[in-house]
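Novice: Attaching a predicted model along with its sequence, questions to come.
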Amino acid sequence: MDQNTMKKIGREMSILMSIAVSLTLSLCGTLLSGHFTLGGFLLSFAVSLAISLVIGLLVPMKPLCDRIEQRCGIRPNTIPARLLETLVSDLLYTPIITTVMTVIAYKQATAHGASIPFVPMLLRSLLISLAVGYVVIMILTPLFMKLVLNRHGIGAPPAHRDHDKQ
């Protein structure tokens with residue numbers, strides 16, 4: 001596959017994953033706040049999407065994950081590789097998005113007179129967001145990859161065959 005096609009696939013994956021993760025984390029955060037409003041959700045989604053897109057444009061996930069897998073001695077296209085790729089993506093995106101969203105929510109709540117300790121609010125949000133983000137990334141990445149590869153006329157990557165060589 002040529003470099004230009006690989007870059008296009010990477011950009012498309014980044015955009016799709018940014019939308020999906022931002023939508024999920026924004027919905028999750030807004031619902032967990034106990035004060036769901038459409039305006040709050042839309043603001044959360046817009047800020048989260050902007051952060052995700054910037055990260056996606058700055059960090060080439062595939063080369064990053066390939067290097068980490070190689071350093072850890074994990075073979076590509078295996079279940080351990082998939083779990084590690086998901087963890088790397090989750091740890092890269094979710095803490096940044098969650099911290100920014102928690103700061104915004106905290107400032108809004110305290111501006112309306114609420115007396116909430118910030119650190120417990122952040123830690124609770126971060127733990128929930130990391131779990132939700134991991135599951136969303138784990139489920140959607142292969143689905144989006146198949147969609148993007150098919151769109152470019154390329155077959156899906158080899159199936160995970162972890163049981164063959166362990």
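Specialist: In hand now; what should we look at?

Novice: how about residue 138, what does it touch?
Specialist: Contact analysis of residue 138 by CB atoms under 8 Å, 6 or more residues apart in numbering lists 82, 83, 86. Any C-beta I mention is one placed from the backbone N, CA and C, and that applies to glycine too.

Novice: Which of the helices or strands spans it?
Specialist: Assigned by DSSP states H and E, residue 138 falls within helix 118-151.

Novice: for that helix, which positions count as buried?
Specialist: Neighbour counts using 16 or more other CB atoms under 10 Å place 121-122, 125-126, 129-130, 132-134, 136-138, 140-141, 144-145, 148-149 of helix 118-151 among the buried residues.

Novice: Assign the residue of the chain most remote from its centre to helix, strand or coil.
Specialist: Here the chain reaches farthest from its C-alpha mean at residue 113, the gap being 32.6 Å by CA atoms, centre = their mean. Put simply, residue 113 is coil when judged by DSSP: H, G, I helix; E, B strand; the rest coil.

Novice: so who does it touch?
Specialist: Contacts were defined as CB under 8 Å, 6+ apart; by that measure residue 113 touches no other residue.

Novice: Count the neighbours of residue 58 for me.
Specialist: The number of residues packed near residue 58 is 8, by other CB atoms under 10 Å.

Novice: ok, it to residue 89 distance?
Specialist: 14 Å (CB to CB, to the nearest Å).

Novice: try residue 31
Specialist: Residue 31 is 23 Å from residue 89, by CB to CB.

Novice: ok, those two, which is more surrounded?
Specialist: residue 89 (23 against 11).

Novice: In this structure that one contacts residue 141, no?
Specialist: Yes. Proximity of residue 89 to residue 141 meets the contact threshold set by CB atoms under 8 Å, at 7.5 Å.

Novice: what comes into contact with stretch 88-97?
Specialist: Residues outside stretch 88-97 that contact it (CB under 8 Å, 6+ apart): 17, 21-22, 25, 48, 51-52, 55, 59, 61, 64-65, 68, 126, 129-130, 133-134, 137, 141.

Novice: again with stretch 32-48
Specialist: By CB under 8 Å, 6+ apart, stretch 32-48 touches 21-23, 25-27, 29-30, 97, 100-101, 104-105, 108, 125, 128.
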